[in-house]
Structure formats: C-alpha cells, structure tokens
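Enquirer: what shape does this take:
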Amino acid sequence: MDGSGSGDISSVMGFSGFGKVQKQAKKFDLDAIFEKTKREAKTILSHNAPASDENSKDDDDMMIGPPVSLAQPDESATTDQQTSNDTNTKKVDSDEDSDDEDPEDPTSRVPITHEATLQHGSKPVSGITLDPAGARLVTGGYDFELKLWDFVSMDRRLKPFRSTAPCGNHQIKSVQFSPTGDAILVCPGSAQAKVLDRDGRAQSECIKGDQYIVNMTNTRGHVSNLNCACWDPKQRGHFMTCSQDCTLRLWNVDEDSVTNQLHVIKCRNKQGKRCVPTTCAYSPDGKLIATALQDGSIQLWNNRSPFVQPCMKQMTAHSVGTDTSCLCFALDNHYLASRGGDDSLKLWDLRQFKRPVGVALGLDNIFPMTECCFSPNQQMIVTGTSVQRGKADSELIFFDKQLEKIKSIPVEDSSIVRCTWHPKLNQLFVGCASGTVHAYYNPDISNRGVMSCVVKEEKRKSSTSLQLSANAPIITPHSLPMFRESQSRNLKRKREKERLDPVLSHKPEPPISKSGGGRIAAGSSLGAYVRKITAMEKLDKEDPRDAVLKYAKVAEEDPYWIAPAYDRTQPEPVFADVQDEEEEKDE
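Expert: Just a heads-up that it's a prediction; the model follows:
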C-alpha cells in the first residue's frame with residue numbers, strides 16, 4: 001500500500017519523482033485521510049437521518065463522503081451506489097424546480113420603460129422607416145416634407161440633419177428603406193413614386209401614364225393618385241405600387257436610374273368589375289403579393305407566375321366600402337395581419353385562409369394608413385388607435401397570436417398613424433397626427449438608436465471654427481484654370497498660423513494681470529484707441545477748447561465746410577471770456 005499508493009499519487013498529482021518532491025509524496029497517510037472522511041460523513045448523516053437503530057447500523061456500514069480519486073476495490077460498490085443516489089436526487093430537484101418556475105411574461109421584451117420625442121412638424125406623420133442597420137430614421141408627413149435623422153451624429157436636441165420636399169406640393173403617404181439600405185422609396189399623393197438615395201437626393205421617378213387610354217395595361221404608368229408602395233425583399237431594385245386607377249404595378253430601377261415598368265395587375269371585385277386597392281405588401285420570401293381592395297377583400301398573387309388570377313382570396317375579410325389600411329406578413333410566411341377601416345384587426349393563417357385565426361374589434365381607425373406590425377420574436381402584434389371627438393388619448397395596444405389584448409399604453413391626445421418595431425434596435429417608433437414621433441426603448445434590452453442620442457451633450461461651436469468656416473476658400477474643381485483660386489498645399493498649417501496671428505484671427509488681448517501695468521499706453525484702453533483713430537495724440541498736452549478755437553480764424557477767411565452762399569446768413573460766433581465768468585461767480 002505504501003509503495004504502490006505513493007507511486008500512484010505521485011503520478012496523479014504530476015510529481016516527477018526526483019529529489020525532495022519525491023520524499024514529500026511518500027509521507028501521505030491515505031488510511032488517516034479515509035478514516036477522517038468517514039467520520040465526517042457519519043456526523044452529517046446522524047444530524048439529518050431519524051433516530052433508529054436500523055438506520056444507525058446501516059450508516060455505520062455504508063461509505064458516505066466525497067468521491068476519492070484512489071478507491072479501494074471493496075469500496076467501489078458503495079461509491080457506485082452513492083453516485084446513483086445523487087443522480088436520482090438531482091432528477092427530483094430538477095423536476096421540482098421546473099414545476100416551481102413560472103412561464104415567461106410576453107411583455108418582458110417590450111421596450112416601453114423610456115420615451116423620447118422627435119418633432120417632425122405640425123401635421124400628421126404618415127410615413128416612418130428605418131434602415132436595416134438601425135442607423136438612420138426617415139419620416140414623412142402631410143406637410144410635404146421628408147426629414148432624415150441620423151442616430152450616430154444626433155445629440156440630445158434630437159434634430160434632423162436634412163429636411164426636403166421631394167414631391168413638391170404632394171403629401172407623402174408612405175416611405176420605406178430598401179432591404180439593402182441604400183435607397184428610399186417615397187409614395188406621394190401624385191401618380192409618380194420616387195426613389196431617393198440614402199441622403200435624400202432624388203435618383204429616379206416613375207413614369208406617368210396616359211389618362212386618355214381606357215385599357216390600363218397599355219399605359220406606361222399610373223394615371224391616378226398612389227395609395228401605397230413597397231420594396232421587393234428578395235430582388236434588388238424591384239418595388240410595387242398601387243393606385244386609384246385600380247391597378248398594381250411592378251417596377252425595376254436599373255443601374256442607369258431609369259424606372260421601368262415590369263408587370264400590371266388589374267384588381268377586380270367579386271362581380272369582376274374594377275376595384276381600387278388601398279394597400280399592398282410582399283411576403284418575406286418575395287413569393288406572394290397581397291393587396292386589400294375597397295370592397296373589403298384581400299387577394300394574394302403568386303409573384304413567380306403570370307398575374308392572371310389571384311392564387312388566394314378572401315372576399316369578406318373586412319366590411320364593404322372600408323379602406324383596409326395595412327397588411328403585414330409574419331417572418332414564417334404563414335400568418336398575415338390586416339388592419340381594417342371597420343375598426344378591426346384580424347390575423348389570417350394562409351394555410352387555412354377561409355376564416356381568421358383571431359379578431360380584435362373596437363379599434364378606432366380614421367386614417368387610411370394606420371399601421372400594424374409584428375414583434376421581433378413574432379409572438380405579438382402591435383397597432384395604434386385613432387382619437388374620436390370626446391374620447392380619451394390614443395393607445396398603443398399589444399396582442400398575442402390569438403389577438404387577445406396583452407398590454408396597452410396611452411400615447412397622447414392625437415391619433416396614432418404609424419408604428420414600427422425595429423428588430424435589431426428593439427425600439428418602437430410611433431408617428432402621431434400631431435406631427436410628433438415617439439421613440440420607446442429599454443436600456444436593458446435595447447441597442448443604440450435613440451438611446452445613444454439622449455445622453456449626448458449639445459455640440460458647441462468655437463469662434464475660431466466659425467471664422468475659419470466663414471473665410472474658407474471656395475473650391476471649384478471643374479472651373480477653367482484661369483478662374484481657379486490658388487491654394488497652398490498644406491492648408492492645415494496655414495490655418496494654424498492664422499489662428500495664432502492676433503490680427504488675422506482678431507484675437508483679443510489678455511487682461512491685465514497686475515495692478516499698474518504699463519500696457520495702457522500701448523493702446524489697449526478705449527481712450528487710447530479713440531486718440532489713435534482720430535489722430536489726436538497731441539491733445540494730451542493742450543486744452544481741447546484751445547485746439548478747436550485756433551482754427552476759427554482760418555474758417556472765417558476760407559470757409560471750407562460752409563458754402564459761400566450761406567456766408568452772409570451765418571451768425572458771428574461770440575465766445576464768452578472765462579475770466580469774466582469767474583469774477584461774476586465770486587461777486
């Protein structure tokens with residue numbers, strides 16, 4: 001036991017077996033260690049087990065304690081029995097813990113603990129979109145303006161970096177970033193949709209059709225006002241528009257920034273007559289096109305086949321004569337949510353499209369673009385309500401997959417038009433009819449976005465930076481050589497010299513640090529400055545009255561300031577004697 005045991009321990013503990021280390025390894029007494037472990041295990045067992053003779057006898061015979069690395073052959077059975085008992089106890093404990101655990105609250109991932117307000121204007125916000133990375137926000141409204149907000153450069157003032165009116169005097173009905181984030185699709189109240197770049201500059205515009213042609217398939221574009229527009233999620237540069245001329249049109253923006261029409265879809269009601277589409281949407285995989293008509297129906301078309309007949313349709317989805325304001329697909333391509341103009345929200349399963357999965361009623365809707373959207377985990381649906389006369393504030397309501405109300409939060413006393421839940425930022429953006437955009441977030445579960453802007457201080461511009469920007473040269477790279485302004489190669493060094501030069505930078509002189517300084521005679525005081533400008537330095541030694549009167553005789557002989565025509569009418573100046581005035585005062 002001594003030789004073999006010590007050798008085993010030295011091999012297990014990693015000793016090399018040379019010198020002093022080997023002698024120390026031989027001094028371990030394994031029997032004493034085993035006996036001490038047994039006594040501690042019996043003491044613990046005696047406190048926990050009931051007092052009985054049978055249990056005490058069994059406890060004396062049973063080996064209890066921590067597993068030993070070098071177990072004797074006769075103790076292997078007891079260790080195996082102890083291991084099996086431990087595993088059984090762990091199973092029972094895990095079962096008890098699983099029974100005690102409550103299911104996760106679905107509202108725990110809703111970022112509504114903090115709020116920030118962005119002011120778009122004074123009229124309803126009818127379009128909100130964010131790029132896929134979550135770095136830029138674009139809002140459009142009834143005031144014809146499109147505003148761009150950059151979260152990276154924006155501070156706590158929350159002001160946009162650009163405001164433009166891309167569609168003239170036409171209100172903006174919807175805006176959407178492309179799936180790649182490099183273009184913005186704008187749907188105005190006119191018949192021509194526009195494509196802008198990431199910075200809001202115009203790239204291309206749809207062609208307007210001939211309004212005198214009866215067959216809409218023969219026109220090159222829409223002939224009436226647009227209702228909605230959206231990008232194709234899979235094909236780059238493809239988008240879709242729907243209009244009051246009862247057609248859906250598919251477009252392609254090629255590399256030359258020329259918008260071409262690809263297909264025309266005619267929308268018809270149950271009787272086969274023309275019907276106006278109010279909204280449209282692509283499925284996440286791009287295989288289906290969904291549109292809602294004014295007769296209350298929802299029709300789906302296959303995007304990979306000729307657009308002759310819809311592949312699925314629900315003719316009684318919403319009330320007849322109401323405008324369905326939004327259609328939204330789930331990421332699994334199986335569910336479709338529709339926000340109706342009949343104050344309802346319905347969820348449809350495309351595998352069983354005959355009846356809705358859930359219906360929510362009593363949701364006021366007075367805007368033709370009131371939006372609904374899915375949460376990032378696709379377990380909730382969010383929508384807003386409109387404010388009727390004499391009613392309370394609008395609400396942002398969260399529903400589950402069966403459209404049972406989970407939570408609602410009041411927003412303000414104006415209607416909610418748009419709501420977007422960005423999956424990457426985990427932040428909610430709500431556009432209201434008052435022209436404000438409410439951004440909701442939670443610092444624990446949200447990322448960047450507005451959360452990184454509210455903590456930034458306002459940027460202060462120094463006087464030197466303003467002066468340098470005002471005196472910055474005008475760069476004209478495409479002008480003729482004779483009209484180009486000459487510039488030094490190292491502009492940075494030149495600006496540093498101008499900044500240090502007190503004359504060029506108009507740097508004020510530092511204040512006097514000590515009393516009785518001699519810098520006043522150098523021209524720093526106001527009196528010295530006036531004397532320097534008026535060239536009256538000699539007046540320090542003579543009376544100013546005498547200095548003026550010495551030119552009286554010259555003015556009489558040669559009147560320079562008074563014309564000779566007025567020489568006869570001018571009175572003769574009579575100056576009082578200073579000595580006479582003093583004598584009168586004494587008397």
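
Enquirer: for Ala191, what are its contacts?
Expert: Cys206, Lys208, Gly209, Gly221, His222, Val223, Ser224, Asn225, Leu226, Ser243, Asp245 (Cβ atoms under 8 Å, 6 or more residues apart in numbering). For the C-beta atoms, the positions are set from N, CA and C on the backbone; glycine is no exception.

Enquirer: at 7 Å what do you get?
Expert: For Ala191, the contact set (Cβ atoms under 7 Å, 6 or more residues apart in numbering) comprises Lys208, Gly221, His222, Val223, Ser224, Asn225, Leu226, Ser243.

Enquirer: got it, and Ala165?
Expert: By Cβ under 7 Å, 6+ apart, the residues touching Ala165 are Phe144, Glu145.

Enquirer: can you tell me how far it sits from Gly141?
Expert: 11 Å (Cβ to Cβ, to the nearest Å).

Enquirer: quick check: closest non-adjacent residue to Leu549.
Expert: Using Cβ to Cβ, 6 or more residues apart in numbering and skipping residues adjacent in sequence, the residue nearest Leu549 is Phe575, 7.3 Å away.

Enquirer: helix, strand, or coil at the one you found?
Expert: The three-state assignment at Phe575 reads coil, by DSSP: H, G, I helix; E, B strand; the rest coil.

Enquirer: okay, now it: neighbour count?
Expert: Close neighbours of Phe575, defined as other Cβ atoms under 10 Å, add up to 8.

Enquirer: now swap in Gln244 and tell me
Expert: By the criterion of other Cβ under 10 Å, Gln244 has 16 neighbours.

Enquirer: once you drop chain neighbours, what's closest to Gly431?
Expert: Using Cβ to Cβ, 6+ apart, the closest residue to Gly431 is Val125 (3.3 Å).

Enquirer: does that neighbour really touch Ser434, like I thought?
Expert: No: applying Cβ atoms under 7 Å as the test, Val125 and Ser434 come out as separate, 8.5 Å apart.

Enquirer: from Thr180, how far off is the most centrally placed residue in the chain?
Expert: For the chain, the residue nearest the mean C-alpha position is Gly449 (3.8 Å; Cα atoms, centre = their mean). Look at Gly449 and Thr180: by Cβ to Cβ, they are 20 Å apart.

Enquirer: ok, now Gly286?
Expert: 14 Å.

Enquirer: picking that back up, ok, the residue nearest to the centre of the chain - contacts?
Expert: Contacts here follow Cβ under 7 Å, 6+ apart; on that basis Gly449 touches Gly134, Phe151, Leu425, Gln427, Tyr441.

Enquirer: and if we set it to 10 Å?
Expert: With contact set as Cβ atoms under 10 Å, 6 or more residues apart in numbering, Gly449 has these partners: 111, 116, 130, 134-135, 137, 151, 422, 424-427, 429, 439, 441.

Enquirer: can you flag which of the residues you listed belong to strands?
Expert: Counting by DSSP state E, the contacts of Gly449 place Ala116, Leu130, Leu137, His422, Gln427, Phe429, Ala439, Tyr441 in strands.

Enquirer: now those residues in TSV, with pLDDT, neighbour count and distance to Asn490?
Expert: Compiled in TSV, the ones in strands among the contacts of Gly449 are given as follows (pLDDT from 0 to 100; neighbours: other Cβ atoms under 10 Å; distance: Cβ to Cβ, whole Å):
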residue	pLDDT	neighbour count	distance to Asn490
Ala116	94	18	44
Leu130	95	24	42
Leu137	96	25	40
His422	95	23	45
Gln427	95	25	45
Phe429	96	25	46
Ala439	96	26	45
Tyr441	95	25	46
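
Enquirer: all helices of the stretch 51-200 of the chain, in order?
Expert: Counting by DSSP state H, counting those that start in this stretch, the stretch 51-200 of the chain has these helices, from start to end: 53-61, 76-100.
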